[in-house]
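> give me coordinates for this.
(one chain, ligands or ions: 1)
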Amino acid sequence: MRRFAFLLTSAALLLALLAMVQAVTRLAPAHALVQPLLIACVAVAQLLLMLRWRLIGQVLAAVVMTVLAVILLSYMLPEHWISLRAWNRLSDWLAPELGLEAWRPALLVTLTLSLQATGILTHARAALGGPLLLGSAAMLLAIQLGEHYAPDDMHLLRYAGDLNHQSMLWLLLGGQLLGALSHWRPSDLTLRRSLWPSLVLASLTLLFWHQQKSATDRTLHAEVQAEGQALAEQLTRDIDAHLDAMERFANIWTLFDQLPGRLDWANQAAPYHRDFRYILNIAFVDPDSRILRVHPPNGLNQRALGARLYDAQPAGRAAVSQALEHQRAGRTEVIELLQGEPGIIHYLPIVVGAERRTLGAVAMAMSLPRLAETLFESVDVRQARFTLQTGGQVLARRGPDALLGPWQYTTQLDIADRPLTLTMQPSQASLLARQTRYPTVSLIVGLTLAILLYLVLYTYGTLERQHRRVHVANSDLRREIRTRTQLQREVEWLARHDELTQLPNRRLFMETLGAHADSRPLSVLICDIDHFKRINDHHGHLVGDRFLNRLGQIGQAAVEPHEGLFSRYGGEEFVACLPGVPLEEAEAIAEVIRRRLEQADLHHHDGSALTVSIGVVTLVAGPLDVAVLMQAADDALYRAKHEGRNRVRTARPLDLSAPS
Ligand SMILES: Nc1nc2c(ncn2[C@@H]2O[C@H](COP(=O)(O)OP(=O)(O)OP(=O)(O)O)[C@@H](O)[C@H]2O)c(=O)[nH]1
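Alright, predicted model coming up:
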């Protein structure tokens, strides 16, 4: 996996370097190097990361990121914050006359590279949004691919990189993905739960941006088109007004039934010639098409005086005869004027008298290039390039030759019934300055929100997982504590009790005795089952155990009402501690035990009843000496055994106050 990641990233770097070498060898302008250079830097940073030169890689990625951040700002900041002119000044500082748009990579390329560089800075860690960064970069690249195969003609700007740059970015992304996959656990529920909602948000953002961008581009397109249309209408109106004025000029001569005098002609024509600079001359033509008067009286016009137009200008013959013979205004096609410029000659008949005699005609030679100049005087040629042409012949062109917008607007101007085509191609700068920034802003803000959503969900998921782990550990611990407490209780109980009879054992007996060391009288019984060995021998140990249990129950029942403790001392011996119980009462208790066992219907193999011998001692005074007390009880027991068993024997009341 790592090897493939390395290969893909190296391929991206190689392609970027090749593109740079090509640009240099073809002497392409410096801005052609910007995009491949940025891609190459990101690829190098990624390779450094893979070679474990992490710090250098991240420093390089940070430098690229800074450049990309400035470019993103140029896309986002409104015109009234930082104007396009200011950005262009920065661009001029790098290389003059190129403009910002030539330098900066397309918006989607800048964003893709930014996400990839951020991926390097964060080491594509899942906890820092790595999967979303690379996922969003993949979506941006997919949009660019779509843009390549289904371009939108209304675009104002290049949004997507060309196919060559796109393939570099895909390779780079492939390398990053393969490099990062081993760090991400696809089974990780937190990752999946954070990735899908944020990817959905990112894709909705892209969709929204696409819609907004298309809508704003179309709006701007329509605005420019409307402006072009308004301009064309304005120009047509102006020209029509000029022609009306010329008609008024022709009508003046209908009032005089004689040839216009030279001076009169000059006086009347001069203001029109001055106002309408595209009219090269205003001539009077007699009914035989001879030029009799002409203004202005320059050399060329003077030479034309006396020329017969039917002969001298065959291309305009139809228009001349229209005026002279049919008494209707006539216009030539676009012809080569005597001045050597393309133009149209407009003939207006002068009809006099009631008999409607043709006195002659007014001929106006309109230079189309000068007409175009006149038209362009009213437009801002920095905003767009204007071209006026007729029948494929360019009459005039104004405005910048380079850095034009991606589309042009064409309209027809109807000038003296001659169609002229006006083409208006807005300059890139004017479109950029007017372009709305909010689709770009919402795209960047939306992607940032998607990353934040991922981070919040991932952090929340991780905390939740840790919380769950702590909770489970807590429960385990609590269960363990409960088990251990239980065990401890059992151990403690076992330490002071006999497992077979559940009675207190010798230790608890001794402790109880010690606890009542000051009780006087303090009686002790020692009970020993008679011939118990035989029970084991003949009935087996299980029966022996049952008999021991029975004695335990009988002893406990007899002792407890006297607030005494009946315990198993060991083997078939039981002892009772009876604090505050005098000898006679202790003896009576012993007797109860003895009698109840005898009557308990427990038998030896020969049918004789199971019996017990009991020794009783009572400490009546003096400090407690357990050994002496127990020895005295034992002695009494011994006597009971010796005297025939199944009996109670008492020791003399023990007084340990006086030394014996
Ligand atoms: N079933 C059973 N037998 C026990 C237990 N503890 C001790 N014994 C038996 O108790 C018997 C005690 O026998 P001995 O000390 O010889 O005395 P005895 O047979 O009772 O005779 P005397 O005491 O002289 O009347 C032994 O056979 C032990 O094996 C026990 O927990 N269960």
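> tell me the bridge partners for residue 360.
Legend: beta-bridge partners of residue 360 under DSSP bridges are residue 350.
> who's in contact with it?
Residue 360 makes contact with 253, 259, 284, 285, 286, 287, 292, 324, 350 under the criterion CB atoms under 8 Å, 6 or more residues apart in numbering. For the C-beta atoms, the positions are set from N, CA and C on the backbone; glycine is no exception.
> which ones among these are found in helices?
If you go by DSSP state H, the contacts of residue 360 have residue 324 in helices.
> OK, contacts around the residue in the chain positioned nearest to the ligand?
Nearest residue of the chain to the ligand, counting by CB to the nearest ligand atom: residue 544, 2.5 Å away. Counting by CB under 8 Å, 6+ apart, residue 544 touches 532, 535, 536, 572.
> so how far is residue 506 from the residue lying closest to residue 252 once chain neighbours are set aside?
Spatial nearest neighbour of residue 252, excluding adjacent residues (CB to CB, 6 or more residues apart in numbering): residue 268 at 6.2 Å. According to CB to CB, to the nearest Å, residue 268 and residue 506 sit 152 Å apart.
> re the thing from before, buried subset of the contacts of residue 544?
Buried residues within the contacts of residue 544, defined by neighbour count using 16 or more other CB atoms under 10 Å: 532, 535, 572.
> which among those residues are in contact with the ligand?
Contacts with the ligand within those, counted by CB under 6 Å from any ligand atom: 532, 572.
> residue 122 touches residue 134, doesn't it?
No - in this structure residue 122 lies outside contact range of residue 134 using CB atoms under 8 Å: 10.6 Å.
> those two: which is more packed in?
More crowded of residue 122 and residue 134, by other CB atoms under 10 Å: residue 134, with 22 against 16.
> re earlier: in helices, which of the buried ones among the contacts of residue 544 appear?
Counting by DSSP H, the buried ones among the contacts of residue 544 contribute 532, 535 to helices.
> contact partners for residue 575?
Here residue 575 is in contact with 506, 509, 524, 525, 526, 527, 566, 567, 569, 633 (CB under 8 Å, 6+ apart).
> mark which of the residues you listed are part of helices, please.
Those of the contacts of residue 575 lying in helices (DSSP H): 506, 509, 633.
> of the residues you listed, buried ones?
The buried subset of the ones in helices among the contacts of residue 575 (16+ other CB under 10 Å) comprises 509, 633.
> nearest to residue 557 among the ones in helices among the contacts of residue 575?
Nearest to residue 557 among the ones in helices among the contacts of residue 575 is residue 509, at 17.4 Å by CB to CB.
> what's the burial count for residue 533?
11.
> 28 is where my numbering starts, stick with that
Fine by me, first position is 28 from now on; the one you just mentioned is residue 560.
> what residues are up against residue 307?
364, 366, 368, 370, 392, 393, 394, 397.
> what about those residues, which one has the most neighbours?
Highest count within those by other CB under 10 Å belongs to residue 393, 28 neighbours.
> quick one, phi psi at that residue?
phi -100, psi 120 (degrees, to the nearest 10).
> isn't it up against residue 306?
Yes - in this structure, residue 393 is within contact of residue 306 by CB under 8 Å, at 5.7 Å.
> low-confidence stretches in the stretch 328-477 of the chain?
Judged by pLDDT under 70, the stretch 328-477 of the chain has its weakly predicted residues at 442-445.
> break this structure into its domains for me.
With domains defined by automatic domain parsing, the chain comprises 29-213, 251-264+408-460, 283-401, 533-682.
> for the third one, measure first residue to last.
End-to-end distance of domain 283-401 (CA to CA, to the nearest Å): 33 Å.
> returning to that earlier point: just the contacts of residue 307: which are in strands?
370, 392, 393, 394 (DSSP state E).
> contact partners for the first one?
In this case it means residue 370. 307, 361, 362, 363, 364, 392, 393, 394, 395.
> 10 Å - rerun?
305-307, 359, 361-364, 391-398, 422 (CB atoms under 10 Å, 6 or more residues apart in numbering).
> dig out what it forms beta bridges with.
Bridge pairing for residue 370 - DSSP bridges - gives residue 362, residue 394.
> not counting its neighbours along the chain, what's nearest residue 332?
residue 318 (5.6 Å).
> list the contacts of that neighbour.
So residue 318 contacts 308, 310-312, 328, 331-336, 339-340, 387, 390 (CB under 10 Å, 6+ apart).
> burial count for residue 240?
So residue 240, with other CB under 10 Å, has 24 neighbours.
> let me fix that: residue 220
So residue 220, with other CB under 10 Å, has 15 neighbours.
> thinking it is in contact with residue 484, fair?
Yes - counting by CB atoms under 10 Å, residue 484 is a contact partner of residue 220 at 6.3 Å.
> so which residues of the stretch 78-227 of the chain form helices?
Along the stretch 78-227 of the chain, counting by DSSP state H, counting those that start in this stretch, helices occupy 81-103, 111-121, 127-130, 134-148, 157-176, 190-208, 216-279.
> winner for burial among those helices?
Among these, helix 134-148 has the highest mean neighbour count (mean count of other CB atoms under 10 Å), at a mean of 26.
> list the helices and strands that one packs on?
helix 61-77, helix 81-103, helix 157-176, helix 190-208, helix 216-279, helix 465-523 (3 or more CB pairs under 10 Å, 6 or more residues apart in numbering; DSSP states H and E).
> quick one: contacts for residue 438?
252, 255-260, 262-263, 447-451.
> hmm, try it at 6 Å
Applying CB atoms under 6 Å, 6 or more residues apart in numbering, we find residue 438 in contact with 255, 259, 449.
> and if you look at residue 155?
Contacts of residue 155 (CB under 6 Å, 6+ apart): residue 149.
> let me know the pLDDT of it.
We have a pLDDT of 91 for residue 155.
> using CSV, lay out the contacts of residue 438 together with distance to the ligand.
What follows is the contacts of residue 438, written out as CSV (distance: CB to the nearest ligand atom, whole Å):
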residue, distance to the ligand
255, 118
259, 124
449, 124
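> tell me which two of the ones in strands among the contacts of residue 307 sit farthest apart.
392 and 394 (7.1 Å).
> would you say residue 446 is within a helix?
No - counting by DSSP: H, G, I helix; E, B strand; the rest coil, residue 446 falls outside a helix, being strand.
> can you check the distance spanned by stretch 399-418, start to finish?
Note: stretch 399-418 ends 15 Å apart using CA to CA.
> now find how far off-centre it is within its chain.
47 Å (CA atoms, centre = their mean, to the nearest Å).
> what's next to it, contact-wise?
262, 305, 361, 422-427, 431, 447-454, 457.
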